Every structure is written in structure tokens, then in C-alpha cells.
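Engineer: here is my input; please provide its structure:
(2 chains)
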Amino acid sequence: MRFCPLDSMAKDAVTSGLRWVMLDAGHGAGEGRQNSGAACVTLKYIITQLVTLAIVGGIMGLVAWVKIPRATPPLDEAEVKRRLAEDFPQTPLDQIWLALDGAGAVARSGDLALLLFRMGDSYVSRSMAWSQALQAQAIKGRFCFRFNDFAAPKASLALAPNWAKAAMGETI
Amino acid sequence: MAAPSVPAIDPVTLAVPFFILAIVLEIILARMGKVKAVYEAKDTATSLLMGFGSGIAGLLTGGIVFAASVWVYNYRLFDIPMSAAWAWLAIFLLEDLTYYWFHRLSHERRFWWAAHVNHHTSQHYNLATALRQTWTGGAAGTWALWLPLSLLGFPPAMIAIQKGISLVYQFWIHTEAVRRMPVWFEALFNTPSHHRVHHARNPRYLDSNYAGILIIWDRMFGTFVPELDEEPCRYGVVKNLGDFNIFRVAFHEWVGIFSDLLTARSLREAFGYLFGAPGWSPDGSRQTSTMLKAQWADMQTAEPVKTDPAAAS
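Structural biologist: Residues are numbered from 1 along each chain as shown, chains lettered A, B, ... in the order given. Prediction:
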């Protein structure tokens, strides 16, 4: 085991770390050349990032152009039940309200509302209190359900305008 | 003998053109119907931008990580030469073992899951998903798990190169285009099939196949689960994200931890929220993957579930 003065070792370590960050810019050069080398590497880094962003944009364009997402046919009750059973196993569903565009649904399970909504070509589910779900406000024909969840703050579903009234008339 | 502290090559940088070509090829072959691959525009954008951001985040912490590695190396127990073949074999095995435990920790303890979860947030499994990398891994400190290698005497440059090789290897296994590799390869190495299981959210598959390059660690430590044709993988996390916002992808679990800590009523609860299994709660009202798997196992015992591969999402 080697014992060196701690401050000297720490200084060496930090220097090595900085050289790593600077992509070894000033390796073996004098102070002035180190600064110039660092500037060069900074410019090289910026250019690399811009090129990377351009490539990212190119791939995004390619994906949008070739159109190879999953098929997303409108949901029916059986599909809603299947998907909710995956996320909420052993949770019986009392009633299902499908979104008019087939891109989601609300299901009641006792005091719980289970929501299924489309994201891209996939689906996301969340639950909330049934009483809270009934209070969802409609904006431009879509009901906005707000969750206390940073990972999925809201779901917007094109439900029938009278779905909540119909739901309140339901008996379990 | 002074061993190189700064790597002469960076495998990841060298592999970037291969990453790009492979993604483009997968997309084109999928479009032609030659291979199985699904790409959704916003999901792909999220993955690629997460990869871009990860590079910037890595730069911010890379210096500290490397400095720590060099500092520990100054106390090394042995002088391990970079020029020896045995040393490369040793670092290959030890780095891969370290990766296994890093990865396992990153799934089984919430603090580190918060840094790693973003990699699992896509509901797709394609080569672009491989680039959905962490922004907060450096801050979470899991890099410290590699410091014992420096203490043993592996030069920091050697460790950095091997970590890069491991990352490059793990790129190609993020695909549905390859169904199975030859039996001997599946037995030894991490493969697309094994890693699909790792990315699946089916209860049967949760918390499994943590390997980097060699799958033998999962077989040794009891976390290996094979992919079953009768149960196709459903990708993503147990509670999938509600949109494609990259900041939500990067930070949602950290926000969740912070919110939970605000409600903690004791140090025990705070500790549980921070370092318990993801899904841990004081009253058991949430579900950890162990609970989800137990629930699934109970259901199998009570009523075997019929799975329809064609109906899988």
C-alpha cells in the first residue's frame, strides 16, 4: 500500500478527473497551449453535440416517416377488461364507460375509478377515488382527470357528456 | 510503474456510428417487414433525447467519478499491468460482477431505482430504448461500487474502458429483432431474449436478469428467469408514465421520493421511503415487486391464467 500526503494525492486525482472531462485537452502542453487546447476541445464538444442533435432529429424524422407503431384499434369492453386486469389483478369491474374515440375508458370498481388512456401507441392506467372521478371537468368535449401523481398528472378522455350522470344512476 | 490514468480509447465514443447505423437498419428492416420492431415517434424521440441528456449529465459528474477512481488507485494493493492478457480477463469478470450488483441494487432499492428507472420507462423495446440512459446516475453515487477495482490495483483507465465495452455490448440486446441466440450463447451471455425479460413488467418477470455481459451471475445468484413464448413481455414499468416529457422521465421517481419524505412520520419511515424496495410503504398500501409476484403466484395457484400471445401489447 502506498502512503502519500493526502493533499497531494487529492490534487493529482482532481487533476486527472479534470483532464478526463477536458478529454485530455492539454496533455503534455504548456500552460498557454493548454488553454488553447481546452478552447479547441470545447468547440469540438459543442460541434459534436450539435451533430448528435442533428442525427437525433434525423432518426426522429425517419421514425415519423416510416410509420411502424403498434396498431391502436378503438378499445372495446373486452380489451379494456384485459388491459385493466393486467394492471389491477383481482379487481372486479362493475361498469365500463368507453371513450367516444376508443382511446380510453373509465371503469368503476366499488369506491375506485380505474382509468385507461392512450399514450402514443401504448396505454397507461391509473386509479382514483370514484367520487373524485365523477367531478372531472369537461373541456372542449374531453374530461380531464387529475391524479396526485407526478408520473402521470392527468388523463384526458373523450367520454360522453352525460357519462357522470349516467354513472351516478348506476347501482353496484 | 505509472499506469495510464486516462483511457486512450473510449469504446462508447467509437461505437456511436454503429449505434446510429444499427438503429436506422432496425427501423428500415422493420418497415420492410423483415424483422420484428416497433417504433413510435414520440417514444423514440424521448429515448434519443434522454441519451443526449445523459451524455451532458455524465460530463458534469464524470470528472468527480474519475478523480475518485484515481484517488483510490493511489492506495492500490497490487500493481496490475494493463498490458497483461490475464489482467483484461480479470477486469472483464470483476467489472461484469460489479455491474450485476450495481444493476440489482438499482432495481431493488428505491434511491438507486430513482436514478435507473428512466431506462425502463419506454413501453417499447428497440435499439433506441438502449439509449434511454440515466441523467442522475452520477449523483446517485453507484459509481462507488467500482472503486474496489481501483483499490485492487486495476488502473482507472482499464476500468473505464471495460465499463465502456460493457455498455456497448448491452446496446445490441435491446431488440425484438433477434429471437434467440444459439443455446451455448444463451447459457453464457446476456442476450436479447434474457434482456427482454429484464425490461418486462409482467409480474413473472419482475426483478430478474440483471446481467451486463455474462448471464452466469443471474444463474449463480438466483435471479435468472427465462423468456417464455407463452407469456410475451409487456414492456415498461409497473405504473407507466402518463406522457413523454423527458424531465418527467428523468426525475419522476425523485419527485415521488421527495413527496413521500414530506409525509414520513419517523426516521424508520423516511429510511424505508429512501432505501426500501420500490413500492414500499409503511402501511403496505402500495405494492413492491415481491408483493406483485406473490399475488401473481397466488392467482396462478387459484386459477391458471390463459395467456394469448397474439393479444399481447
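
Engineer: how many residues are close by residue A:129?
Structural biologist: 11 (other Cβ atoms under 10 Å in any protein chain shown). From N, CA and C alone the C-beta is placed, and that goes for glycine too.

Engineer: actually residue A:140, not the one I typed
Structural biologist: Here the neighbour count serves as a burial measure; for residue A:140 (other Cβ under 10 Å) it reads 7.

Engineer: quickly note the distance from it to chain B.
Structural biologist: Computed as Cβ to the nearest Cβ, to the nearest Å, the residue A:140 to chain B distance reads 18 Å.

Engineer: and the residue of the stretch 151-300 of chain B closest to chain A?
Structural biologist: Each residue of the stretch 151-300 of chain B has a distance to chain A, by Cβ to the nearest Cβ, and the smallest belongs to residue B:242, at 2.8 Å.

Engineer: for the stretch 51-200 of chain B, what lies in contact range of chain A?
Structural biologist: Applying Cβ under 8 Å from any Cβ of the partner chain, one finds that the stretch 51-200 of chain B approaches chain A through B:51-52, B:55-56, B:59, B:62-68, B:70-71, B:74-77, B:123-124, B:128, B:156.

Engineer: so is the residue of the stretch 151-300 of chain B closest to chain A in a helix, a strand, or just coil?
Structural biologist: Per DSSP: H, G, I helix; E, B strand; the rest coil, the secondary structure class of residue B:242 is coil.

Engineer: list only buried entries from the residues of the stretch 51-200 of chain B next to chain A.
Structural biologist: Using 16 or more other Cβ atoms under 10 Å in any protein chain shown as the burial test, these include B:51-52, B:55, B:62-68, B:70-71, B:74, B:76, B:123-124, B:128, B:156 as buried.

Engineer: report all helices and strands that the longest helix that chain B contains contacts.
Structural biologist: For chain B, the helix reaching the highest residue count under DSSP state H is reported as helix B:41-73. Helix B:41-73 makes packing contacts with helix A:6-21, helix A:31-66, helix B:127-130, helix B:137-140, helix B:147-152, helix B:156-172, helix B:246-263 when contacts are defined by 3 or more Cβ pairs under 8 Å, 6 or more residues apart in numbering or on different chains; DSSP states H and E.

Engineer: rank these by pLDDT, which is bottom?
Structural biologist: By mean pLDDT, the lowest-scoring of the helices and strands packed on helix B:41-73 turns out to be helix A:6-21, with a mean of 52.

Engineer: which residue is nearest the middle of chain A?
Structural biologist: Within chain A, one residue has its C-alpha closest to the average C-alpha position: by Cα atoms, centre = their mean, that is residue A:151, at 7.3 Å.

Engineer: quick check: it touching residue B:252?
Structural biologist: Yes - in this structure, residue A:151 sits in contact with residue B:252. The criterion is Cβ atoms under 8 Å, and the distance is 4.3 Å.

Engineer: give me the common contacts of the two.
Structural biologist: Among the neighbours of residue A:151, those also in contact with residue B:252 (Cβ atoms under 8 Å, 6 or more residues apart in numbering or on different chains) are residue B:241.

Engineer: on that earlier part again, next SSE downstream of the longest helix of chain B?
Structural biologist: helix B:85-108 (DSSP states H and E).

Engineer: residues contacting the closest residue to residue B:163 other than its chain neighbours?
Structural biologist: By the measure of Cβ to Cβ, 6 or more residues apart in numbering or on different chains, the closest residue to residue B:163 outside its immediate chain neighbours is residue B:95, 6.4 Å from it. Neighbour list for residue B:95: B:146, B:149, B:159, B:162-163, B:166, B:212 [criterion: Cβ under 8 Å, 6+ apart].

Engineer: again, but for residue A:89
Structural biologist: By Cβ under 8 Å, 6+ apart, the contact set of residue A:89 is B:295-296, B:299.

Engineer: just the buried positions in stretch A:50-63, please.
Structural biologist: Neighbour-count burial for stretch A:50-63, counted by 16+ other Cβ under 10 Å, picks out A:52, A:55-56, A:59-60, A:62-63.

Engineer: can that stretch be found next to chain B?
Structural biologist: Yes - Stretch A:50-63 lies in contact with chain B when judged by Cβ under 8 Å from any Cβ; the contacting residues are A:52-53, A:55-56, A:59-60, A:62-63.

Engineer: quick check: which ranges of chain B have low pLDDT?
Structural biologist: Counting by pLDDT under 70, the ranges of chain B that qualify are B:1-8, B:303-313.

Engineer: middle-most residue in it, spatially?
Structural biologist: Taking Cα atoms, centre = their mean as the criterion, residue B:103 is the residue nearest the geometric centre of chain B, at 5.8 Å.

Engineer: that one contacts residue B:212, doesn't it?
Structural biologist: Yes - taking Cβ under 8 Å as the definition, residue B:103 is a contact partner of residue B:212 at 6.9 Å.

Engineer: care to break chain A down by domain?
Structural biologist: A:6-66, A:77-169 (automatic domain parsing).

Engineer: out of these, deepest packed?
Structural biologist: Burial among those, expressed as mean neighbours by mean count of other Cβ atoms under 10 Å in any protein chain shown, is greatest for domain A:77-169, which shows a mean of 17.

Engineer: ok so, going back, buried among the contacts of residue A:89? Need that as a selection in ChimeraX.
Structural biologist: To isolate the buried ones among those in ChimeraX, judged by 16+ other Cβ under 10 Å, type:
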select /B:296
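
Engineer: from the contacts of residue A:89, which land in helices?
Structural biologist: By the criterion of DSSP H, membership of these in helices covers B:295-296, B:299.

Engineer: adding distance to chain A, write the residues you listed out as TSV.
Structural biologist: Conversion of the ones in helices among the contacts of residue A:89 to TSV gives the following (distance: Cβ to the nearest Cβ, whole Å):
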residue	distance to chain A
B:295	6
B:296	7
B:299	6
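
Engineer: go through those and name the one nearest residue B:204.
Structural biologist: When these are compared for distance to residue B:204 (Cβ to Cβ), residue B:296 comes out closest, at 6.3 Å.

Engineer: got the phi and psi for the nearest residue to that closest one once chain neighbours are set aside?
Structural biologist: Ranked by Cβ to Cβ, 6+ apart and with sequence neighbours excluded, the top spatial neighbour of residue B:296 is residue B:203, at 3.5 Å. In terms of degrees, to the nearest 10, the main-chain angles of residue B:203 are phi -50, psi -40.

Engineer: OK, contacts around residue 100?
Structural biologist: Went with chain A since none was named. Applying Cβ under 8 Å, 6+ apart as the definition, the contact partners of residue A:100 turn out to be A:158-160.

Engineer: sorry, I should have been clearer: chain B.
Structural biologist: Taking Cβ under 8 Å, 6+ apart, one finds B:210-212, B:217-218, B:221 in contact with residue B:100.

Engineer: and the residues you listed, which two are furthest apart?
Structural biologist: Greatest spatial distance in those: B:212 and B:221, 13.4 Å, computed using Cβ to Cβ.

Engineer: between these two, tell me which one has more neighbours.
Structural biologist: More neighbours surround residue B:212 than the other of residue B:212 and residue B:221, with 22 against 14 (other Cβ under 10 Å).

Engineer: what's the helix or strand where residue B:290 lies in contact with?
Structural biologist: Under DSSP H and E, the secondary-structure element containing residue B:290 is helix B:289-302. When contacts are taken as Cβ under 8 Å, 6+ apart, the neighbours of helix B:289-302 outside the stretch itself are A:89-90, B:203-204, B:206-207, B:238, B:277-279, B:284, B:287, B:305.

Engineer: quick check: residue B:169 touching residue B:215?
Structural biologist: No - the criterion here is Cβ under 8 Å, and residue B:169 misses it with residue B:215 at 11.9 Å.

Engineer: good, we can wrap up now.
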